[in-house]
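Chemist: Sequence and computational prediction follow.
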Amino acid sequence: MTTMDRLVGAGVERIDGPAKVRGTAPYAYEQDPGEPIAHVAVVQSTVNRGRITRLDPSRAEAMPGVLAVLTPANAPKLGEGLASDLPVLQSLDVHYQGQIVAAVVAETSEIAKAAVGAVAVGYEAQEPDVALSAERPDLYAPPKLMAGFATDSVIGDVDAALASAAVAVDATYETPTQHNNPIEMHASMARWDGDRLTMWDANQGPHNIVNDLVTAFGLERDQVRVISPYVGGAFGSKAFTHPNQILAAMAARVVGRTVVFELSRQQMFSLVGHRTPTIQRVRLGADAEGRLTAISHEVVEHTSRINEFA
């Protein structure tokens, strides 16, 4: 009897099940760091592509309860080698709509969110390039796919097999963009004790997060602790580092207090990645008895201009 034979249909007890269904499993936002918590809210780009030409935080900074407003002008410099959208507030360039262009740290979440609207931002917008098509002249095969798999696999002569098949099918399918929306939005609570960083975070892979925090803040691995006792859903989006972890750690260092940054439901559509739309051409060949003799599957998908992901 295999392990699968013993498990399929069995009443396997899930260790965190009772706590989750009773609502007693605390999300990252609900952890108790043992001291008052400051809150982060962010100003997000309203253009798809371009450059910030004006950024005035003075009205927000003057609001009671605001501890700091971080912008590319005053944000701490992060280490080199961070991928994609992780160099938060390091440049005036805008790469995507919803990109973080400023961050407010305040005594309460209400004050932080109110102060976001007091930050004045102007842009020089550029034309975005977002149309996916199988006819684009700049399509290319990436060096590798996620997890290091080879981009293409070719076994035999599929074109010859299709040409000689008794029956052949040639169809193209398209899938839409899909966004991750688990019950628990992404949230990060960060605290510095001297040069040591503790982060309570909703994620599926603490080791991945540690690596990026080490790079971002010039630390050693033993100086960073990421705690993720429960994950309130993920769909893969919590397997990687996103701007929330970097910004929470940055804000905590600036104000010298524990801070928390919880994404809103709307921000889940711009700050934590997504599943790319695809164009998939599938060709099948079979003999007269219905046995497959050829399979061809070709995919076109989009990727970010600031970090390749396939």
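Modeler: Nice, thanks for sending it over.

Chemist: Would you state the strands of the stretch 1-150 of the chain in chain order?
Modeler: 38-44, 50-56, 66-70, 93-94, 100-106, 120-125 (DSSP state E, counting those that start in this stretch).

Chemist: Kindly reformat the ones you listed as TSV and extend each row with distance to residue 204 and mean neighbour count.
Modeler: All C-beta atoms are positioned from the backbone trio N, CA, C, and that covers glycine. Formatted as TSV, the strands of the stretch 1-150 of the chain follow (distance: least, C-beta to C-beta, whole Å; neighbours: other C-beta atoms under 10 Å):
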stretch	distance to residue 204	mean neighbour count
strand 38-44	22	24
strand 50-56	33	15
strand 66-70	27	22
strand 93-94	29	18
strand 100-106	22	26
strand 120-125	33	14
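
Chemist: Make a markdown table out of the ones you listed and add distance to residue 146.
Modeler: Shown next, in a markdown table, are the strands of the stretch 1-150 of the chain (distance: least, C-beta to C-beta, whole Å):
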| stretch | distance to residue 146 |
| --- | --- |
| strand 38-44 | 27 |
| strand 50-56 | 29 |
| strand 66-70 | 32 |
| strand 93-94 | 26 |
| strand 100-106 | 25 |
| strand 120-125 | 32 |
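
Chemist: Would you map the strands across the stretch 151-300 of the chain?
Modeler: Under DSSP E, counting those that start in this stretch, the stretch 151-300 of the chain gives strands at 167-175, 187-193, 196-201, 224-227, 259-262, 278-286, 292-301.

Chemist: right, so of those strands, which gets closest to residue 44?
Modeler: Proximity to residue 44 (C-beta to C-beta) singles out strand 259-262 among the strands of the stretch 151-300 of the chain, at 12.9 Å.

Chemist: need the contact list for the closest residue to residue 108 other than its chain neighbours.
Modeler: Take residue 108 and drop its neighbours on the chain: the residue closest to it by C-beta to C-beta, 6 or more residues apart in numbering is residue 39, 6.0 Å away. Contacts here follow C-beta atoms under 8 Å, 6 or more residues apart in numbering; on that basis residue 39 touches 105-109, 111-112, 259-261.

Chemist: cool, residue 175 as well?
Modeler: 277-278, 280.

Chemist: Neighbour count for these - can I get that in JSON lines?
Modeler: Below are the contacts of residue 175 laid out as JSON lines (neighbours: other C-beta atoms under 10 Å):
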{"residue": "277", "neighbour count": "14"}
{"residue": "278", "neighbour count": "15"}
{"residue": "280", "neighbour count": "15"}
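
Chemist: In JSON lines: those residues, plus distance to residue 151 and pLDDT.
Modeler: Shown next, in JSON lines, are those (distance: C-beta to C-beta, whole Å; pLDDT from 0 to 100):
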{"residue": "277", "distance to residue 151": "19", "pLDDT": "95"}
{"residue": "278", "distance to residue 151": "15", "pLDDT": "97"}
{"residue": "280", "distance to residue 151": "15", "pLDDT": "98"}
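
Chemist: Could you save these as TSV and add columns showing distance to residue 287?
Modeler: Formatted as TSV, the contacts of residue 175 follow (distance: C-beta to C-beta, whole Å):
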residue	distance to residue 287
277	35
278	30
280	24
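
Chemist: okay, and for this protein, where does confidence drop off?
Modeler: Along the chain, segments meeting pLDDT under 70 span 1-4.

Chemist: ok, back up a step: so which of the strands of the stretch 1-150 of the chain is nearest residue 266?
Modeler: Comparing the strands of the stretch 1-150 of the chain by C-beta to C-beta, strand 38-44 comes nearest, at 9.3 Å.

Chemist: What pairs with the closest one, parallel or antiparallel?
Modeler: strand 100-106 (antiparallel), strand 259-262 (parallel) (DSSP bridges).

Chemist: With respect to residue 142, which of the ones you listed lies nearest?
Modeler: Per C-beta to C-beta, nearest to residue 142 of the strands paired with strand 38-44: strand 100-106, 26.7 Å.

Chemist: by how many degrees do the closest one and strand 50-56 diverge?
Modeler: Using axes from the mean of the first three to the mean of the last three C-alpha atoms, to 10 degrees, the direction of strand 100-106 lies 30 degrees away from that of strand 50-56.

Chemist: Would you pull up how far strand 100-106 lies from the middle of the chain?
Modeler: From the chain centre to the centre of strand 100-106 is a distance of 18 Å (C-alpha atoms, centre = their mean, to the nearest Å).

Chemist: Sounds good, over and out.
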